Every structure is written in C-alpha cells, then in structure tokens.
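> Quick one, what's the 3D model for this:
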Amino acid sequence: MSTIALTAPAAMPPAPAKTSGYLVLAPSCLVLTVFFALPMGTTIGMSFTDGETLAPTLAHYQRFFSDGLSLAGLYRTTVMSILVAVCVTVFGYPVAYYLARSRSRWRAVVFALALAPELAGVVLRTYGWLIILEDRGFINDALLNLGIIASPLPLSKNLFAVVVGLTHVILPFGILSLTTSIQGIDPNLERAAQMLGASRLSVLRHIVLPLSVPGIVSSLLISFTMAASAYATPALLGGARFKVLATMIYEQVLFYIDWRFAAVMAIALLLMMLTVSFLGIRYETRRSNRRTNSEGVFS
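Next comes the predicted model:
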C-alpha cells in the first residue's frame with residue numbers, strides 16, 4: 001500500500017516593518033522640509049513682523065489691501081493667468097486629440113513640433129516674440145509695407161503680448177496633460193457612436209469632451225499656476241507699466257529692499273494659486289463622484 005507524504009508549506013517571510021516605508025520617504029521629506037517648508041515658514045513669519053523691532057504686526061497686510069497698486073497687480077495677475085490657461089487649453093486640445101488618436105507617420109513630427117519650444121530658454125523665446133510684436137517688429141512692418149495700417153499696432157508692452165508669450169511657453173505642458181487624458185478614453189466608444197449615426201462633431205461633443213474633463217481641468221490648473229508665477233515673460237513683453245505680482249515682488253526685494261512687503265505679496269500669490277487649485281480639484285472630485293453614483297444606479 002503506497003503512502004502519500006504531505007509536506008507543510010514553507011513559512012512565509014516576515015512582513016517588512018512599517019518603519020521601512022518611512023525610511024523610503026525620509027529623503028523626500030528632508031528635501032521638502034529644507035527647500036520648501038523652512039523657506040515658506042520664514043517668509044510667513046517675516047510677513048507678520050516689524051522690520052525694526054521684530055514685533056508681531058499686521059501693518060504689511062494692511063498696506064497690501066489698502067494699496068491700489070498691489071491690488072491692481074493681483075487683479076492683473078489673475079486676469080492674465082485665466083486668459084493664458086484658457087488659450088493653452090483651447091489651442092492645445094486639437095493637437096492633443098491628434099496625438100492621442102492618429103496613427104500617421106506625421107504624428108512623430110507633430111509631437112516634436114509641440115515640444116520644440118521647450119528646447120529653447122524662456123528668455124530666448126520671449127525675445128523672439130518681442131521682435132515679432134514690437135512697434136517696428138515683423139508684424140507691424142509687414143502691415144505698414146502692405147499699406148494695411150497707417151501706424152504701428154499696440155501689440156507689445158501690454159496684456160496681449162504677455163498672454164501670447166506665456167501661451168507659447170506653457171502650451172507643451174497643456175498638450176501633454178490633454179494627450180494623456182484623451183489616450184485613456186476607449187476609442188471603441190467613438191467608433192460605436194459613429195456606427196449608430198453620430199457625426200464626428202457629436203462624438204467629440206458628447207463623448208470625448210465629457211470624458212476628457214480631468215485632462216482639461218489639469219491643463220487649466222497647470223497653465224494657471226505657471227502663468228501666475230512667471231516673471232521673465234511679463235517683465236519683457238509687458239514692459240514697465242504692466243506689473244504683475246511676480247515682477248512687483250522682484251522690485252520690492254531688489255530695488256526697495258522691503259523683504260517683508262515682498263513676503264506679503266508672495267503669500268498673496270501663493271494663496272491665489274492654492275485657492276484656484278483647490279476649486280479645480282474640488283470640482284473634478286465632485287464630478288467624478290456624481291459619475292460613479294450614476295453608474296452605480298444604472299448598473
């Protein structure tokens with residue numbers, strides 16, 4: 001009579017201690033603490049102290065909210081950032097859709113052209129736009145020589161020039177964000193809708209656009225925050241009269257040596273970006289929850 005030998009399974013290795021996870025995060029936490037948390041804490045503390053006595057004070061914040069120039073700079077920064085975010089998303093969406101759906105050999109060329117602006121520095125690209133948009137630049141010279149206009153158009157040293165320059169700088173980031181979102185949409189949904197008689201425009205409107213909202217929100221937030229914190233492009237294309245918070249902070253630190261008032265401006269800029277980011281993330285979270293609940297009801 002034969003017997004079958006049963007062997008006990010090998011003992012499982014002990015689970016790694018929880019401390020190993022903290023050790024993995026330690027380098028990142030150290031870098032964030034040294035290069036972000038400490039400088040930010042110093043900036044916040046500086047904004048609440050008097051420059052001579054180092055006593056706690058709210059005078060710098062009172063000055064910011066009572067100073068018309070500071071509030072105008074905050075308003076100008078907000079409007080500029082919103083316009084840049086909308087332009088980047090609107091102009092980048094068709095390119096992103098082509099990159100996500102095309103199988104043509106030209107796809108690699110379009111992708112390279114979309115990322116080409118990042119191969120040059122921000123200052124170099126900004127000077128290029130300055131040559132194109134200034135009063136004696138390429139556009140105005142061409143229009144004057146053709147007799148279309150009698151005097152140069154005000155294309156530089158204003159909001160228009162800054163929005164154009166920042167859109168060119170930030171557009172690759174918006175395209176990448178939108179491309180990733182559109183690639184996550186199942187192409188079979190579009191094919192099924194077309195087979196049922198939907199036009200190409202209806203497919204884009206009712207299927208692709210709603211499903212790509214996370215990418216649109218991401219593109220808007222990235223573009224807004226990058227535009228709000230930009231310095232070189234507003235300083236060069238906006239001129240001396242077009243002041244945003246980034247250029248005003250630079251002036252307060254370098255020319256007026258008023259670090260505490262500059263810290264207030266920096267905190268106002270940070271709070272503005274955090275508020276917009278919070279609202280965008282909150283909107284996307286609620287939209288995702290509503291979509292999940294509706295799918296649960298119909299399933």
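> quick one: contacts of stretch 250-268?
43-44, 46-47, 49, 51, 60-61, 63-64, 70, 73-74, 231, 235, 243, 245, 248-249 (C-beta atoms under 8 Å, 6 or more residues apart in numbering). Every residue, glycine included, has its C-beta placed from N, CA and C.
> Any idea which residue is closest to the centre of this protein?
Ile222 (1.7 Å; C-alpha atoms, centre = their mean).
> nearest residue to it other than its sequence neighbours?
Leaving aside its chain neighbours, Ile222 sits nearest to Phe173 (5.3 Å; criterion: C-beta to C-beta, 6 or more residues apart in numbering).
> now Leu144
Closest residue to Leu144 apart from its sequence neighbours, by C-beta to C-beta, 6+ apart: Pro152 at 7.0 Å.
> next one: stretch 29-37 to chain centre, how far?
Using C-alpha atoms, centre = their mean, to the nearest Å, the mean C-alpha position of stretch 29-37 is found 22 Å from that of the whole chain.
> Endpoint to endpoint, it covers what distance?
In stretch 29-37, first residue to last residue: 10 Å (C-alpha to C-alpha, to the nearest Å).
> For Thr49, grab phi and psi.
phi -120, psi 150 (degrees, to the nearest 10).
> Oh, that last question was meant for Val244, not what I typed.
Taking degrees, to the nearest 10 as the convention, Val244 sits at phi -110, psi 180.
> Chain neighbours aside, what residue packs nearest to it?
Thr77 (4.3 Å).
> Can you tell me the SS state at that neighbour?
helix (DSSP: H, G, I helix; E, B strand; the rest coil).
> Tell me, how many residues neighbour it?
Residues near Thr77, counting by other C-beta atoms under 10 Å, number 26.
> cool, Cys87 as well?
20.
> Would you double-check that it falls in a helix?
Yes: under three-state DSSP, Cys87 sits within a helix.
> Correct me if wrong: the residue nearest to Leu144 contacts Phe138.
No: in this structure Pro152 lies outside contact range of Phe138 using C-beta atoms under 8 Å: 11.6 Å.
> and the two? which has more neighbours close in?
Pro152 (16 against 11).
> ok, that one - contacts?
Pro152 neighbours (C-beta under 8 Å, 6+ apart): 135-136, 140, 144.
> what kind of secondary structure is it in?
Applying three-state DSSP: Pro152 is coil.
> Check the gap between it and Leu236 for me.
18 Å (C-beta to C-beta, to the nearest Å).
> And the contacts of the helix or strand harbouring Ser28?
Using DSSP states H and E, Ser28 maps to helix 19-32. The contact list for helix 19-32 (C-beta under 8 Å, 6+ apart) is empty.
> Quick check: buried residues in the helix or strand following that helix?
Downstream of helix 19-32, the first helix or strand assigned by DSSP H and E is helix 38-47. Under the neighbour-count criterion of 16 or more other C-beta atoms under 10 Å, helix 38-47 has 43, 46-47 buried.
> Just the CA coordinates for the helix or strand following helix 38-47, please, in CSV.
For helix 38-47, the following helix or strand on the C-terminal side (DSSP H and E) is helix 59-66. Extracted C-alpha coordinates of helix 59-66, given in CSV (Å, rounded to 0.1, in the frame of the first residue of the first chain):
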residue,chain,number,x,y,z
ALA,A,59,0.8,96.5,9.1
HIS,A,60,2.2,94.9,6.0
TYR,A,61,-1.1,93.2,5.2
GLN,A,62,-3.0,96.4,5.9
ARG,A,63,-0.7,98.1,3.4
PHE,A,64,-1.2,95.4,0.8
PHE,A,65,-5.0,95.6,0.9
SER,A,66,-5.1,99.4,1.1
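> on that earlier part again, list phi and psi for the residue nearest to Leu144.
The phi/psi pair for Pro152 (degrees, to the nearest 10) is phi -60, psi 140.
> Save the buried residues of helix 38-47 as TSV, and put in pLDDT too.
TSV is the format used below for the buried residues of helix 38-47 (pLDDT from 0 to 100):
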residue	pLDDT
Thr43	89
Met46	90
Ser47	89
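> out of those, who's nearest Arg200?
Closest to Arg200 out of the buried residues of helix 38-47 is Thr43 (51.1 Å), distances taken as C-beta to C-beta.
> residues touching that closest one, list them.
263, 266-267.
> same thing with Ala108?
Residues counted as contacts of Ala108 (C-beta under 8 Å, 6+ apart): none.
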